[in-house]
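> Have a look at this prediction, sequence included:
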Protein chains: 2
Amino acid sequence: MIDFPPLSSIVQKTPSRILMLVVDGLGGIPHPDTRKSELERAELPNLDALAQHSAAGLITPVVPGVAPGSGPGHLALFGYDPVKYYIGRGVLETLGLGVPLRQGDVAARGNFCTVSPQGVIVDRRAGRVASSVSAALCHRLNAIRLDGITVEVHPGKEHRFALVLRGDRLSEDVSDTDPNRQDVPPLKAKALNPHAERTAAVVNTFVEQAQASLRDQEQANFITLRGFSQVPSLPQMGPSYALEPAAIAAYPMYRGLAGVLGMRVIPTGGTFAEELETLREHWRRHDFVFLHYKPSDATGEDGNFDAKVRTLEQLDTFIPSLLDLKPDVLVVTGDHATPAVLAAHSWHPVPIIIHSASTRGEGVPRFTERACANGSLGRIASVNTMLLALAHAGKLVKYGP
Amino acid sequence: MIDFPPLSSIVQKTPSRILMLVVDGLGGIPHPDTRKSELERAELPNLDALAQHSAAGLITPVVPGVAPGSGPGHLALFGYDPVKYYIGRGVLETLGLGVPLRQGDVAARGNFCTVSPQGVIVDRRAGRVASSVSAALCHRLNAIRLDGITVEVHPGKEHRFALVLRGDRLSEDVSDTDPNRQDVPPLKAKALNPHAERTAAVVNTFVEQAQASLRDQEQANFITLRGFSQVPSLPQMGPSYALEPAAIAAYPMYRGLAGVLGMRVIPTGGTFAEELETLREHWRRHDFVFLHYKPSDATGEDGNFDAKVRTLEQLDTFIPSLLDLKPDVLVVTGDHATPAVLAAHSWHPVPIIIHSASTRGEGVPRFTERACANGSLGRIASVNTMLLALAHAGKLVKYGP
């Protein structure tokens, strides 16, 4: 959690409810032609009005200059120091396929690839093999039996899959078999410490058997594995904050992440409108709900400035419905910036507004990067967001006599 | 380095080039008559235009309220936490004389002083003895022979000199012999831990022999020593950031400091015009260049407000030449403020602008303390500067999946 050890002595249970809307990839930077960011270009009457009655600021996800992945970006918002707490690629991608993981499981991200008769990788993605083909190949790999270890191979999109190893005394400290470039042979998995020797041997045996199983394939005739990781043992949000937290997210990865943090993950549909329906049904049963909005990140990553503007305008139309639920605290912010101009996650600070009974506005006219920079929250680390939300909800008592 | 342990996992080598112009003592405070700072009084058409197209902010060198010396001020800009990493006075002043130091050497700052027949210091600076006289006296002290230890005494200005002890198992943990006041006797050097007993004994023997050697002098008849220190073993910038870093600085101390951090120190002349000529010659061979501008600090320390304004105006005329080199990232900032009104280094935040392909300006009209305060970088610690420069240069990949 945030580096504030006396936290447990100041949290208190109250009937108040917090709604945290995380707009994925919210922040942007100005377009070279208009000199306006996505938020500045968008027509956002409801978010602007909300900003006018909220505490506003800018949050930095990790440290200035560092662009976070989705994992660190969200961990910080929920109060987990994103440098201290880390969720590995294998775990995150497996959760992203909707696959549940248990403590002790080792997960890895897998690729089908093409290896030449000379044994070097000639295509790291096996020609982006069709998802239907790779699903069938994953089914084959699922038949591999390893002594005392359960193997699960879950298909992803095209050449991607997730490998889960389940058994006693497995370790995540195993090196990638993916050399991360072509024209070289796949690597052997190596133990990064003595406790991982057995796991590395299991992985190498699995790869050998996979090779045998795939030898009739022209394209997808080999596999690479990377990001070996286990579900970390993280402090749970419920007891840490004296909350009954829930998560509503259309994308599996965010549901998985929320589950790891101890949130109740509520099944929902694939659109934000469906998420909102789910929220209405379950709102009364929880005092903290994380609500996730994905389209802004996807369009930002595509480098589609106008499309990102539209996703923000669409989100804006849902704001009155959120306010109808009368949350005691409504937080609207993002996990990181995804400027369409950069077509990638970036390090830029992200706008945040916190609306509660004690906020009355502070002259911030709009929900934009520039306007929020002048708000009362100033520039803070994302990891402080959760404490501010709790404070606005009256859930933190005074620290110290 | 900056307290971000996963740094090595996110740096990547790219062809982009970063130019960091450090304007020594850049920041100032308003003059009581005009209520304008040095930057606000100066005519800076080129820096103002650059600020209009950059990301702008203010950086705090150490923590609010703490005025740094040149060592901590520069260490922070290069990403070294200035509290965790420290370069002692003896080392810094020795490097400042252009004297190379090796790992293990112990360096100290020395003063010639006047001691009365009763054995108390009556003048800590020996009447600011002429540099020519003290150089001759240093030559005498260089003749002192200590068992197994090489002694070097390098003259500085007036009463100042640097002592370098070279040999096995020397320690920097030795107390000053300078009592830092008059009318008391010089102190004996004491070991601050058991490993330093031999070094303390060596120092005391050296002082005794120096006293014997100087007994014919009326003024400079004794010495005091302070700031015993060794070159610390610091992470090197090249491998830490995947850079080929170089330093161009007219003053020896900055060259010495850059060398300790692993920058290639390029020989140059004594003026900024000569530094610029050196930069032009070597620019293509490096992807990071630290370029140092000294006059702003010197005039600030002299308390000469108008002269400091002129040094800033002179610097401004060189900005187009820097832009002609087309750096992918141009950072202009300072190591600390040296307000002429205070005639000293100060704790005030220092303006920073970062110009890159992804910066388009943010309504900051001028390169001044007040204007930069409204920039998108906000108020950050100087130690974040280097990560931001790397990020703008595309040299940092996403942190975490």
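Happy to help now that I have it. Numbering: from 1, shown residues only, chains lettered A, B, ... in the order given.
> switch to C-alpha atoms for all contacts and neighbour counts from now on
Will do.
> Burial check on the residue of the stretch 201-350 of chain A found nearest chain B, number of neighbours?
For the stretch 201-350 of chain A, the residue closest to chain B is A:His345, as judged by CA to the nearest CA, at 7.2 Å. Neighbour count for A:His345, taken as other CA atoms under 10 Å in any protein chain shown: 28.
> Tell me the pLDDT of it.
A:His345 carries a pLDDT value of 97.
> Just list the residues touching it, thanks.
Counting by CA atoms under 8 Å, 6 or more residues apart in numbering or on different chains, A:His345 touches A:Gly25, A:Ala67, A:Pro68, A:Gly69, A:Glu301, A:His336, A:Ala337, A:Thr338, A:Pro339, B:Lys398.
> can I assume the fourth one is in contact with B:Pro401?
Yes - the pair formed by A:Gly69 and B:Pro401 meets the contact definition of CA atoms under 8 Å, at 4.8 Å.
> distance of A:His74 from A:Val289?
Computed as CA to CA, to the nearest Å, the A:His74 to A:Val289 distance reads 14 Å.
> ugh, wrong one, I meant A:Arg17
Distance from A:Arg17 to A:Val289, by CA to CA: 8 Å.
> what does A:Ala389 give?
From A:Ala389 to A:Val289 the distance is 12 Å (CA to CA).
> do A:Ala220 as well
For A:Ala220 relative to A:Val289 (CA to CA), the value is 42 Å.
> again, but for A:Val164
Computed as CA to CA, the A:Val164 to A:Val289 distance reads 30 Å.
> same check, this time on A:Asp48
A:Asp48 is 22 Å from A:Val289, by CA to CA.
> Where do the domain boundaries of chain A fall?
Domain ranges of chain A: A:7-86+A:233-392, A:92-230, per automatic domain parsing.
> Most tightly packed of those?
Ranked by mean neighbour count, the domains of chain A are led by domain A:7-86+A:233-392 with a mean of 21 (mean count of other CA atoms under 10 Å in any protein chain shown).
> Now do it: distance from first to last residue.
From its first residue to its last, domain A:7-86+A:233-392 covers 15 Å (CA to CA).
> so how far is that domain from its chain's centroid?
Taking the mean of its C-alpha atoms, domain A:7-86+A:233-392 sits 12 Å from the chain's own mean (CA atoms, centre = their mean, to the nearest Å).
> Show the backbone phi and psi for the residue in chain A positioned nearest to chain B.
Closest contact between chain A and chain B, by CA to the nearest CA, is at A:Gly65 (4.2 Å). Main-chain dihedrals, A:Gly65, degrees, to the nearest 10: phi 100, psi -20.
> How about it: what's its closest non-neighbour residue?
Counting by CA to CA, 6 or more residues apart in numbering or on different chains, the nearest residue to A:Gly65 once its immediate chain neighbours are dropped is B:Leu388, at 4.2 Å.
> go on, A:Thr271?
Counting by CA to CA, 6+ apart, the residue nearest A:Thr271 is A:Ala250, at 6.4 Å.
> do the same with A:Thr359
Nearest one to A:Thr359, counting by CA to CA, 6+ apart, is A:Ser54 at 5.2 Å.
> Also A:Ile353?
A:Ile353 sits nearest to A:Ala56 (CA to CA, 6+ apart), 4.4 Å away.
> next structured bit after the strand or helix carrying the one you found?
Taking DSSP states H and E as the criterion, A:Ala56 maps to strand A:55-60. With elements assigned by DSSP H and E, the helix or strand that comes after strand A:55-60 is helix A:70-77.
> now A:Pro100: how far from A:Arg140?
Counting by CA to CA, the gap from A:Pro100 to A:Arg140 is 21 Å.
> Can you name the residues of chain A that neighbour chain B?
Neighbours of chain B within chain A, by CA under 8 Å from any CA of the partner chain: A:30, A:32, A:35, A:63-72, A:83, A:86-89, A:92, A:341-342, A:345-347, A:370, A:373, A:379.
> contacting residues around stretch A:372-387?
Contacts of stretch A:372-387 (CA under 8 Å, 6+ apart): A:2, A:55-63, A:75-82, A:349, A:351-353, A:362-364, A:366, B:376, B:378-379.
> residues contacting the nearest residue to A:Ala242 once chain neighbours are set aside?
Once flanking residues are discounted, A:Ala242 sits nearest to A:Lys13: 5.6 Å by CA to CA, 6+ apart. Neighbouring residues of A:Lys13 by CA under 8 Å, 6+ apart: A:Ala242, A:Leu243, A:Lys395.
> Could you tell me how many residues sit around the last one?
Right, the one you point to is A:Lys395. Neighbours of A:Lys395 (other CA under 10 Å): 21.
> which residue packs closest to it, ignoring adjacent ones?
A:Gln12 (5.1 Å).
> how far away is that neighbour from B:Val115?
For A:Gln12, the distance to B:Val115 - CA to CA - is 68 Å.
> Surely the residue nearest to A:Thr359 touches A:Ala357?
No - A:Ser54 is beyond contact range of A:Ala357, at 9.3 Å (criterion: CA under 8 Å).
> Please, where are all the helices along chain A?
Using DSSP state H, the helices of chain A run over A:7-10, A:38-41, A:45-52, A:70-77, A:89-96, A:131-141, A:197-213, A:237-241, A:252-260, A:272-282, A:295-301, A:305-324, A:369-372, A:385-392.
> Any chance of CSV for the ones you listed, columns mean pLDDT?
Below are those laid out as CSV (pLDDT from 0 to 100):
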stretch, mean pLDDT
helix A:7-10, 95
helix A:38-41, 98
helix A:45-52, 98
helix A:70-77, 97
helix A:89-96, 93
helix A:131-141, 96
helix A:197-213, 97
helix A:237-241, 97
helix A:252-260, 93
helix A:272-282, 98
helix A:295-301, 97
helix A:305-324, 98
helix A:369-372, 95
helix A:385-392, 98
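> Would you enumerate the residues in contact with the residue nearest the centre of chain A?
Per CA atoms, centre = their mean, the C-alpha nearest to the average position across chain A is that of A:Ser70, at 3.5 Å. Applying CA under 8 Å, 6+ apart to A:Ser70 gives the contacts A:Asp335, A:His336, B:Gly400, B:Pro401.
> Now do stretch A:15-33: distance from first to last residue.
Stretch A:15-33: ends 49 Å apart by CA to CA.
> distance of A:Asp105 from B:Glu281?
56 Å.
> okay but A:Pro267 is in contact with A:Ile248, surely?
Yes - if you go by CA under 8 Å, A:Pro267 and A:Ile248 touch, sitting 7.3 Å apart.
> Now the residue nearest to A:Ala242: phi and psi?
Here is the backbone geometry of A:Lys13 (degrees, to the nearest 10): phi -80, psi 130.
> pLDDT at it, what is it?
97.
> same check, this time on A:Met1
69.
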